[in-house]
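Peer 1: Just need the structure, nothing else, for what follows:
(chains A and B)
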Amino acid sequence: MMKHTSDRDGEAWDGEELFAGLPVTDPGAQSRLHARLAADAEREGLLDIAYRTLPTPVGTLLLAATDRGLLRVAYDSARHGGHAAVLTELAERVSPRVLEAPQRLGGAVRQIEEYFEGRRTRFDLDLDLRLAKGFRREVIAQLPHIGYGATRSYAEVAAAAGSPRAVRAVGTACATNPLPVVVPCHRVVRSDGSAGQYVGGADAKKVLLGLEAAA
Amino acid sequence: MAEYGPMVLRVCRAVVGPADAEDAWSETFLAALRAYPGLPGDARVEAWLVTIAHRKAIDAARAGARRPVAVGRIPESGRALTGGRAGDEGAAPPDAGRAGGTLRDSGQWDADLWAALKALPRRQREAVAYHYLAGLPYKEIAAVTGGTPEAARRAAADGIRSLRKSYTRRTREDERGERR
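Peer 2: Model (predicted):
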């Protein structure tokens, strides 16, 4: 069946037909080349952002790190364009030198896995907080002080961050937390004690709070 | 990279052949990472990557021309020894993978297609690959290879014509051979 009908496209058709012996994609070669490039780039200091994905009980998480530390943890939110949108944002905001390179995320992966197995109650990782600015960053810096299994209200976190009236801004800071799970915005709940909203969805928040309550 | 990687691999395979394609690909993307802030705002990524790949292919061909090629056995026909002067063939990559008996890129694509591509003058091979595999218009190809857009168009047209003759003939012979 001819895909092209016009004369002009006849030329492109010739090419397609001739190059059918040269596959458009070659997953084996591509993954081999990718691993080689990631290693070469890391060695030459050209790998600004390394990332990988990690399956967890709250869905597949994207983990990204710079040489300073863990930069981003992201849920695969279809509503926000999924992990692809997150990677695009990192390329634009931090550096376009982004490669899938699992090695740099080894420590984060191990600790997150231990957390979900109930064997870890605090994270001991270098964090690169450059994606959180201004007041949001103050809030992010406060969150690790909420201990495992404990919760605080948005108002309490606002007070702790030095702006007791900025309750809504705390909500925004949690909703835009670049490092959910690791920086525990899930421990910030409504003043009536209900879980409330979460960057990974209300269900994920309940899973995390339930996990910590059970331990 | 995930977006352009497969396209660049096709171009590298078609221009430098199976033995050197993966090295060319790796060097292209490493150079691209190095040069990233240097991508002009209005440049198309395809054209930019092809430009880098083109330079890498030329470097590899020069290095290949200098480096002695390990030949496993004397070619059966004398053609390979008398087929061209060093000056003509210097730009074409040596068929080192095949000669060495280990072809890293083996089995992934049609060896007859590479044989037909390799037989083309380098200019034609490049024009064909950049136009038909990378999708560059002739104006951009001319910017990459030098020369005029018209010359690039002619090179691609001549290359495709030769390929259709040599490659489809091989394919038909193969089919006949299988039927036998």
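
Peer 1: Would you check that residue A:41 makes contact with residue B:31?
Peer 2: No: using C-beta atoms under 8 Å, residue A:41 is not in contact with residue B:31; the gap is 11.0 Å. All C-beta atoms are positioned from the backbone trio N, CA, C, and that covers glycine.

Peer 1: Pick out whichever of the two has more residues nearby.
Peer 2: Shown here are residue A:41 and residue B:31; by other C-beta atoms under 10 Å in any protein chain shown, residue A:41 has more neighbours (21 against 16).

Peer 1: Contacts only, for that one.
Peer 2: Residues in contact with residue A:41 (C-beta atoms under 8 Å, 6 or more residues apart in numbering or on different chains) are A:47, A:97, A:99, A:101, B:30, B:33.

Peer 1: again, but for residue B:155
Peer 2: Shown here is residue B:155, whose contacts under the criterion C-beta under 8 Å, 6+ apart are B:121, B:123, B:124, B:126, B:127, B:128.

Peer 1: follow-up on the earlier one: ranking the contacts of residue A:41 by neighbours, who comes first?
Peer 2: Using other C-beta under 10 Å as the contact criterion, the top neighbour count among those goes to residue A:47, which has 24 neighbours.

Peer 1: Using the three-state scheme, assign it.
Peer 2: Of the three states, residue A:47 takes coil under DSSP: H, G, I helix; E, B strand; the rest coil.

Peer 1: What is the neighbour count of residue A:24?
Peer 2: For residue A:24, the count of nearby residues is 12 (other C-beta under 10 Å).

Peer 1: about what we covered before: which ones among the contacts of residue A:41 lie within strands?
Peer 2: Secondary-structure check on the contacts of residue A:41 using DSSP state E: residues within strands are residue A:99.

Peer 1: Now do the domain split for chain A, please.
Peer 2: Listed domain ranges for chain A are A:27-116, A:134-214 (source: automatic domain parsing).

Peer 1: And the lowest mean pLDDT element among the helices and strands of chain A?
Peer 2: When the helices and strands of chain A are compared on mean pLDDT, DSSP states H and E, helix A:7-18 comes out lowest with a mean of 56.

Peer 1: and after that one, which helix or strand comes next?
Peer 2: helix A:27-43 (DSSP states H and E).

Peer 1: downstream neighbour of that following helix in the secondary structure list?
Peer 2: Once the chain leaves helix A:27-43, the next helix or strand it forms, by DSSP H and E, is strand A:49-56.

Peer 1: Sheet-wise, list the partners of that following strand with their directions.
Peer 2: Paired strands of strand A:49-56, with direction, are strand A:59-65 (antiparallel), strand A:98-100 (parallel) (DSSP bridges).

Peer 1: Return the set of buried residues in that strand.
Peer 2: When neighbours are counted by 16 or more other C-beta atoms under 10 Å in any protein chain shown, the buried residues of strand A:49-56 are found to be A:49, A:50, A:51, A:52, A:53, A:54, A:56.

Peer 1: Up against chain B, what does chain A have?
Peer 2: Chain A comes close to chain B at residues A:12, A:14-16, A:18-19, A:21-26, A:28-30, A:32-34, A:36-37, A:40-41, A:44, A:46-47, A:95-97, A:99, as judged by C-beta under 8 Å from any C-beta of the partner chain.

Peer 1: 7 Å instead, please
Peer 2: Proximity of chain A to chain B is confined to A:14-15, A:18-19, A:21-26, A:29-30, A:33, A:36-37, A:40-41, A:46, A:96-97, A:99 under the rule C-beta under 7 Å from any C-beta of the partner chain.

Peer 1: Selecting buried members of those residues in ChimeraX, what would you type?
Peer 2: Paste this into ChimeraX to select the buried members of the residues of chain A next to chain B, with burial taken from 16+ other C-beta under 10 Å:
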select /A:14,15,18,19,22,23,26,29,30,33,36,37,40,41,46,96,97,99
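
Peer 1: With distance to residue A:128 and mean pLDDT as new columns, can the strands paired with strand A:49-56 be given to me in JSON lines?
Peer 2: Output for those, formatted as JSON lines (distance: least, C-beta to C-beta, whole Å; pLDDT from 0 to 100):
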{"stretch": "strand A:59-65", "distance to residue A:128": "7", "mean pLDDT": "98"}
{"stretch": "strand A:98-100", "distance to residue A:128": "14", "mean pLDDT": "92"}
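
Peer 1: Cool, thanks, talk later.
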